[in-house]
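Asks: my questions concern the predicted model and sequence given below.
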Amino acid sequence: MQAHLVTLPGDGIGPEVTAAAVDVLKHVAAHHGHDFRFSEHAIGGAAIDATGEPLPDATREACLAADAVLLGAVGGPKWSDPNAKVRPEQGLLALRAALGVFANLRPLKVHPRLAERSPLKTERLKDVDFVVVRELTGGAYFGAKTRDKERATDECAYTVAEIERVLRRGFELASQRGRHLTSVDKANVLETSRLWRHTAEQVARDYPEVHLEHQLVDSMAMLMLTQPSRYDVIVTENLFGDILTDEAAALAGSLGLLPSASLGDHHGGLYEPIHGSAPDIAGQDAANPLGAIASAALLLRHALGLEAEAAVVEAAVEHVVEHGPWTRDLGGTATTSQVRDAVIAALDLDEDCRPAFLA
Ligand code: NAD
Ligand code: IPM
Ligand code: MN
């Protein structure tokens, strides 16, 4: 298969983890007879430094024309002045809006080998396997903003159409998985949440095989830690989804492990690890690249329909989680490059996890 993939390394550890994921994709292409063309473009702080804009037109056009986009991370202290006129994060938000990727899938499983890395009791982490579907192009992130000396506002608005389309993604996913959907809101306080809850009830009628439950976001933040194995598909609005998924990363053992796929109706999608630019470890070859590599696997699956290749990459990631080497965030001493090399070596293992040359 031929595919044109745009890479957006961005800032901090973004370039380090993106390079690792691209190396894995190149390896997959070579071994499975695919022709992937990569072009790299600027976004975030790096783009502000180069052009003054966090999402230059050339980047937006290239992403719109691509079969899929792989992004590292944006942002960092250099551009974080609260009075700055332009911010790296605006580039990412503008890109999500331009691509129309309204559903952000953030899958999470807890590998038994890493359960001890979690601050939670190991027995609570058994069988944890859920996907958060985060609404990505609405809510407070995209509402009107005002600020003067004494007051600031961020409007949080949702339309029924925006709520419905992301919930449908969630229900479709749930009907292929455990048939359980938790819709998270703050319907006891927020009008947008009451519209969300009402819409969820309406959409649920089309999916009688899926059990719908509602959960308020504050208690959800607690239940996600105390009873994580109860959940299958969790659907929620933009800001709640952002916060809950970083919390969920604590279950998995490191933020550096979690991938995401941002999907819409008209584009192959935007794929990025859920972590940020990690300024505290940038430039040290110390970042965990597994979240970025797992995001590349989601790209193979969702953008290119290459399920077998996606599964091979996921199995290789799992192999490295199981046997190492591990980066510092997982308690190891390996570099980003060593972990990338181990994933690439594991890609060549057969189904019994023996190196292919022994098969
Ligand atoms: P962060 O995710 O960058 O880092 C939080 C902590 O997790 C840090 O201690 C970091 O070292 C660690 N960490 C994150 N990814 C890791 C990895 N792959 N391997 C090992 N350790 C990892 O969050 P932050 O510090 O709150 O934000 C820093 C900057 O990143 C901010 O400018 C923020 O806006 C931006 N950000 C960008 C994205 C994105 O581009 N999608 C996501 C989140 C945050
Ligand atoms: C994420 C990040 C972004 C978000 C920021 C960088 C705009 O935290 O992808 O989770 O809040 O969506
Ligand atoms: Mn986030």
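Replies: On my side now, so go ahead. The structure displayed is predicted, hence computed values, not measured ones. Ligands and ions are numbered 1, 2, ... in the order given.

Asks: C-alpha from now on. contacts and neighbour counts both.
Replies: Fine.

Asks: in the stretch 101-250 of the chain, which spans are strands?
Replies: Taking DSSP state E, counting those that start in this stretch to define them, one finds strands in the stretch 101-250 of the chain at 103-109, 129-135, 145-147, 152-154, 180-185, 211-216, 233-236.

Asks: please identify the most buried of these.
Replies: Mean neighbour count (mean count of other Cα atoms under 10 Å) peaks for strand 233-236 among the strands of the stretch 101-250 of the chain, with a mean of 28.

Asks: in CSV, list the C-alpha atoms belonging to that one.
Replies: C-alpha atoms of strand 233-236 as CSV (Å, rounded to 0.1, in the frame of the first residue of the first chain):
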residue,chain,number,x,y,z
VAL,A,233,-15.9,2.6,27.0
ILE,A,234,-16.0,6.0,28.7
VAL,A,235,-17.3,9.0,26.6
THR,A,236,-16.9,12.5,27.8
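
Asks: tell me how far that strand is from the chain's mean position?
Replies: 14 Å (Cα atoms, centre = their mean, to the nearest Å).

Asks: adjacent strands (with direction) for it?
Replies: Here strand 233-236 has these sheet partners by DSSP bridges: strand 129-135 (parallel), strand 180-185 (parallel).

Asks: redo the ones you listed as TSV? Include mean pLDDT and distance to Thr122.
Replies: Listed next are the strands paired with strand 233-236 as TSV, based on pLDDT from 0 to 100; distance: least, Cα to Cα, whole Å:
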stretch	mean pLDDT	distance to Thr122
strand 129-135	98	14
strand 180-185	99	24
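
Asks: out of those strands, which gets nearest to Glu272?
Replies: Smallest distance to Glu272 across the strands paired with strand 233-236 (Cα to Cα): 13.6 Å, for strand 129-135.

Asks: number of nearby residues for the residue in the chain positioned nearest to ligand 2?
Replies: Proximity to ligand 2, evaluated over the chain using Cα to the nearest ligand atom, is greatest for Glu89 at 4.6 Å. For Glu89, the count of nearby residues is 20 (other Cα atoms under 10 Å).

Asks: same question for Ala50.
Replies: Using other Cα under 10 Å: Ala50 sits among 12 other residues.

Asks: wasn't it part of a helix?
Replies: Yes. Per DSSP: H, G, I helix; E, B strand; the rest coil, Ala50 lies within a helix segment.

Asks: how far away is it from Gly44?
Replies: Between Ala50 and Gly44 the computed distance is 10 Å (Cα to Cα, to the nearest Å).

Asks: check Asp285 too.
Replies: Asp285 sits 21 Å away from Gly44, going by Cα to Cα.

Asks: ok, now Leu92?
Replies: 7 Å.

Asks: what's the overlap in contacts for these two?
Replies: Residues touching both Leu92 and Gly44 (Cα atoms under 8 Å, 6 or more residues apart in numbering): Pro54, Leu55, Val74.

Asks: what about the last one, how many residues nearby?
Replies: For Val74, the neighbour count with other Cα under 10 Å is 30.

Asks: let me know whether it touches Ala42 as I believe.
Replies: No. Here Val74 lies out of contact with Ala42, judged by Cα atoms under 8 Å, at a distance of 10.2 Å.

Asks: from Glu191, how far off is Gly33?
Replies: Noted for Gly33: a distance of 52 Å to Glu191, by Cα to Cα.

Asks: near ligand 1 at all, stretch 257-269?
Replies: No. Under the criterion of Cα under 6 Å from any ligand atom, stretch 257-269 makes no contact with ligand 1; the nearest approach is 6.9 Å.

Asks: and that stretch, end to end?
Replies: In stretch 257-269, first residue to last residue: 20 Å (Cα to Cα).

Asks: average pLDDT for that stretch?
Replies: The average pLDDT for stretch 257-269 rounds to 98.

Asks: more crowded one of Gly33 and Glu191?
Replies: Ranked by neighbour count (other Cα under 10 Å), Gly33 and Glu191 place Glu191 first, with 14 against 11.

Asks: and that one, how far from Leu108?
Replies: For Glu191, the distance to Leu108 equals 30 Å [Cα to Cα].

Asks: repeat for Val128
Replies: 8 Å.

Asks: one step back: can you convert the shared contacts of Leu92 and Gly44 into a markdown table and add a column each for pLDDT, secondary structure and distance to Val101?
Replies: Listed next are those as a markdown table, based on pLDDT from 0 to 100; DSSP: H, G, I helix; E, B strand; the rest coil; distance: Cα to Cα, whole Å:
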| residue | pLDDT | secondary structure | distance to Val101 |
| --- | --- | --- | --- |
| Pro54 | 98 | coil | 18 |
| Leu55 | 98 | coil | 16 |
| Val74 | 98 | coil | 18 |
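
Asks: out of these, flag the one nearest to His211.
Replies: When the shared contacts of Leu92 and Gly44 are ranked by distance to His211 (Cα to Cα), Val74 comes first, at 37.3 Å.

Asks: quickly note the distance from the closest one to Arg205.
Replies: 40 Å.

Asks: noted, bye for now.
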